[in-house]
Structure formats: structure tokens, C-alpha cells
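Asker: Got a predicted structure plus its sequence, pasted below:
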Amino acid sequence: MEEEIFNQQIEAAQQRLHELWQRTRESPSLPHPQETLTMEALQELSTVLEELQVATEELQQRNEQLAIACETVKAERQRYQELFEFAPDGYIVTNTSGIIQEANRTTAALLNRSQNSLIGKPMAIFVAKEDRKTFRDILTELNHFPQLHDWEVRLQPSKGQPFPAALNVAAIRDRSGNLIGLRWLVRDITERHKQAEQTRKALEQEKELSNLKSRFIRAASHEFRTPLTIISMSAELLERYKHKLSDVQKDSHFQKIRAASKQMARLLNDILLLDKTEAGKLELNPIPVDLVEFSRELVEELQLSIGSQHAITFIHQGQCANAYLDKKLLRQIIDHLLSNAIKYSPRGGKVHFELICQDREAIFQIQDEGIGIPKEDQRRLFERFHRGTNVGTISGTGLGLTIVKECVDLHDGAIAVESEVGSGTTFTVKLPLNHLNQNR
């Protein structure tokens, strides 16, 4: 507006000068020297006005450019203000003492405060008490650092628990290089900490699994070596002394070979079964089964293989003839539990096996008089490769109870254990009598 008025005044002055110029040329009353002087003055004034007009136009052009630049700066400032406000991380501007001058919305959300309530507050009050001294110490040293990256502290919101945050701090300096303020980027790293903790646990589990696998390889090697030695020795004796051995002696060696072969086959089956479980390929195939007959056959088979070293008693209650379960997996459950009861019982110890069918479920209870299981081992009883700390030199791979648990779970059943060191152990397995119908 002022530029237009100034231009109008210049145009008016030029018009007035033109009129004076005309009047001077047309006036006969002025003497020649004075007329010449007047003409020169008017000519010079005209030149000055023209130069002033050019300068005014240049000034107007510059003002237009300046206005465009101001609009650009204003738009950029607005854009950066919006970026500041809506950034996913917290942004804070403080003075050199850490007093908050600006804070964006994310900061307010992280600290559970309104933006206005943050202004004028020292940042230190939002730091967890245990970290405040360190925070203040580092704050006083920031004058010596151009910037600070990933400084971890625990921030305390107005409500809730402290959370871990990473602070990135940059110095604000004047033209002389003096520190006049600080810019802060605040990032919630709770998820980063969780991921780090998960990674740490995964590494620990991987290490533990590696150790357990090493233990398993050693145990499996021993488990294979023993029956292989029996087979090798019996075969060698039969071959070398076949004409001198009696039929009874030969049968004894053949029985040892068969027993050793079964032991190896069982170990291989255990490994293959667990491999199927890991691959998610172990399936449940329920068929009709008479649980009393099935259990009795297993007991007789096992009693025949162990001879008179242990006595297995079997009793049953209820109607168990019309169950619908997976016979292969059920054999794994009962066979492993009975074998463990025998293995960890003293010579001559008794093993009690009771089958109860009631309320649409079958209850298998196997009790021994063995060494028992320490309390600290019971919570890890079904982990792969884990064995009790009191097993001593008793052989085993640590797979049996893992297999039992997998087979029970596939039947949607439950397994429980009661044990005292030196007083024996009782395992109780509960399975639905008719798995097919109960899952429909």
C-alpha cells in the first residue's frame, strides 16, 4: 500500500515537472540566461525523478521477491512445525539447563501430560529417580559434546511404570559458537528391550538345547553300545561254542540277542517319534480297544522280559472294554511308565499298575518303590533330554517322559506325578475313554 502511494507521488512530481517544463519553454518574460538555467535545473530534476522511478521499480521487484521468500519460509516453518508436532518420536527443545521450551504431541503422550503443562518444567523431573543423578551429571557435560546418541535412561510418566527411553541430544549454538539450547529426540525402546530379552532367552535356550543334545548323544551312544555289546558277545559265543553249548544255553543267548534288539528298536522308535512330533506329523489314530486286555498283555510281555527281578501287579475297575484310543500311542505311555518304574526301583521292588474306568475317562496309575524324583526336577520332568539329578549311573536318554507327555496331550488327556526321594513315585494318566466322540 505504501509502495503504491510512493509511486503515485513520483508520478505526480513527474507530471508537475512536465508542466513546469512546458510553461518555461512557452514563457517569453524570462531573460535568456535565466531561461537556460531554469531549463537545465528542470532537466536535472527530470533525470533525478527518472532515476528515482527506476529505483522504485527495482525496490518494488525486490519487495515482491522478499514477499515470496517470506511466504516460502513461512510455509517451510509450518511444514517443519507439523513434522515436529506429529513426529512418531518425542521432540523437545530446552535451554542449557534442561528447562523445556517446546515439546511435541508424542512427548506429551509418552509422559502422560498435556503439552502446555510440560513447558517450563525441568526434564529431570520426568526421569526415574534412580537415573536422575546420572542424567544431571551428563546434562552439565553436554557443553563439551556437539551431540549425544542413544543415551539410555528410564523416564517416569505422570501415571504408570517407568519405561526405557533412548535420548539423542544436539546442541543449539549462536553465531559465536556459544551453547544456547538443546534439541532432544526421545524414543520409547520398551520393545527393543523386550526383543533383546527374547533374543537373550533364545540364545540361552539354544545353548541349553545344544548341551542337552550333547548329553543325549552321549546317552544314546551308551544305550546303543550296551545292547550291541550283548548282541556281539552272544553271537560270538554261539558261533565259537555252538557245538559245546546246550540247548538251554543257546536259548539264553538267543533271548539276550532278542532283548538287546528290542532295546535298540525301542530307542530308534523313540527318536523317530520325537522327530515326528517336532515336525508336527505325529497324528492320533483312535481305534476300538479293550483296555483291560491291552494292559494285561503289556504287563505280561514286560514281566517276561525282566524275569523275577521285579514283580508287576495289575488290577482294574469299571467298564474298560469299549474305549476308543490310539493303541500305538497308548502303548508308548504305559510301556515307558512301567519301564521307568522298573528301572528306578531296587531289585525285588514291586510295581503296582491300576486301571480305573469311570465318568467317561480311563485312569492309569503306576506306582513304584524306587529312588523317587527330587522336587527341583519335577517341574522339568517332561522336558526333552532332562533327567533327574539323583539317577546316578542308571542309564537313560531323558526322552521317555517327553514321549509320554506328547502322547497324553494328543489324546487331550492329563498326566500328574507324586514323588518323594527314597519313597517311590506315582504317575497318574487320565485319558477320555472315547476320544472320537468327545471331539465331535
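Answerer: Happy to help now that I have it. Numbers count the residues shown, from 1 in each chain.

Asker: Do me a favour and get the backbone dihedrals for the residue nearest to Ile356 when sequence neighbours are not counted.
Answerer: If the residues on either side of it in the chain are set aside, Ile356 comes closest to Ile363, at 4.3 Å by C-beta to C-beta, 6 or more residues apart in numbering. Heads up, the C-betas are built off the backbone N, CA and C, glycines and all. Here is the backbone geometry of Ile363 (degrees, to the nearest 10): phi -110, psi 120.

Asker: Can you give me the neighbour number for Lys207?
Answerer: Lys207 is flanked by 10 other residues according to other C-beta atoms under 10 Å.

Asker: so it is in which element?
Answerer: Per DSSP states H and E: Lys207 is located in helix 190-240.

Asker: name the helices or strands packed onto the helix or strand that that helix is followed by?
Answerer: The helix or strand immediately downstream of helix 190-240 is helix 247-278, counting by DSSP H and E. For helix 247-278, the elements it packs on are helix 190-240, helix 400-410, judged by 3 or more C-beta pairs under 8 Å, 6 or more residues apart in numbering; DSSP states H and E.

Asker: And those, which one averages the lowest pLDDT?
Answerer: When the helices and strands packed on helix 247-278 are ranked by mean pLDDT, helix 190-240 comes last with a mean of 81.

Asker: correct me, but Arg347 touches Ala311?
Answerer: No: Arg347 is beyond contact range of Ala311, at 11.1 Å (criterion: C-beta atoms under 8 Å).

Asker: which of those two has more neighbours?
Answerer: Taking neighbours as other C-beta under 10 Å, Arg347 and Ala311 compare with Ala311 leading, 13 against 7.

Asker: Enumerate every residue touching that one.
Answerer: Gln303, Lys350, Val351 (C-beta atoms under 8 Å, 6 or more residues apart in numbering).

Asker: redo that, cut-off 10 Å
Answerer: Gln303, Ile342, Gly348, Gly349, Lys350, Val351, His352 (C-beta atoms under 10 Å, 6 or more residues apart in numbering).

Asker: can you map out the strands along this protein?
Answerer: Using DSSP state E, the strands of the chain run over 90-94, 100-103, 147-155, 163-173, 179-188, 287-289, 311-317, 323-325, 350-358, 361-367, 414-420, 424-432.

Asker: And the spatially closest residue to Asp150 that is not a sequence neighbour, how far from Asp335?
Answerer: Of all residues not flanking Asp150 in the chain, Ala166 sits nearest, at 4.9 Å (C-beta to C-beta, 6+ apart). Distance of Ala166 to Asp335, given as C-beta to C-beta, to the nearest Å: 56 Å.

Asker: one step back: same list (the strands of the chain) but as CSV, adding distance to Glu376 and mean pLDDT.
Answerer: CSV is the format used below for the strands of the chain (distance: least, C-beta to C-beta, whole Å; pLDDT from 0 to 100):
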stretch, distance to Glu376, mean pLDDT
strand 90-94, 46, 89
strand 100-103, 52, 90
strand 147-155, 34, 86
strand 163-173, 33, 90
strand 179-188, 39, 89
strand 287-289, 37, 92
strand 311-317, 29, 91
strand 323-325, 33, 91
strand 350-358, 25, 92
strand 361-367, 22, 93
strand 414-420, 12, 89
strand 424-432, 15, 91
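
Asker: In TSV: those, plus distance to Val248.
Answerer: Formatted as TSV, the strands of the chain follow (distance: least, C-beta to C-beta, whole Å):
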stretch	distance to Val248
strand 90-94	88
strand 100-103	95
strand 147-155	79
strand 163-173	76
strand 179-188	80
strand 287-289	37
strand 311-317	24
strand 323-325	40
strand 350-358	28
strand 361-367	34
strand 414-420	41
strand 424-432	36
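
Asker: before we move on, back to that, list the contacts for the residue nearest to Ile356?
Answerer: Gln317, Gly318, Glu354, Leu355, Ile356, Cys357, Gly413, Ala414, Thr428, Val429, Lys430, Leu431.
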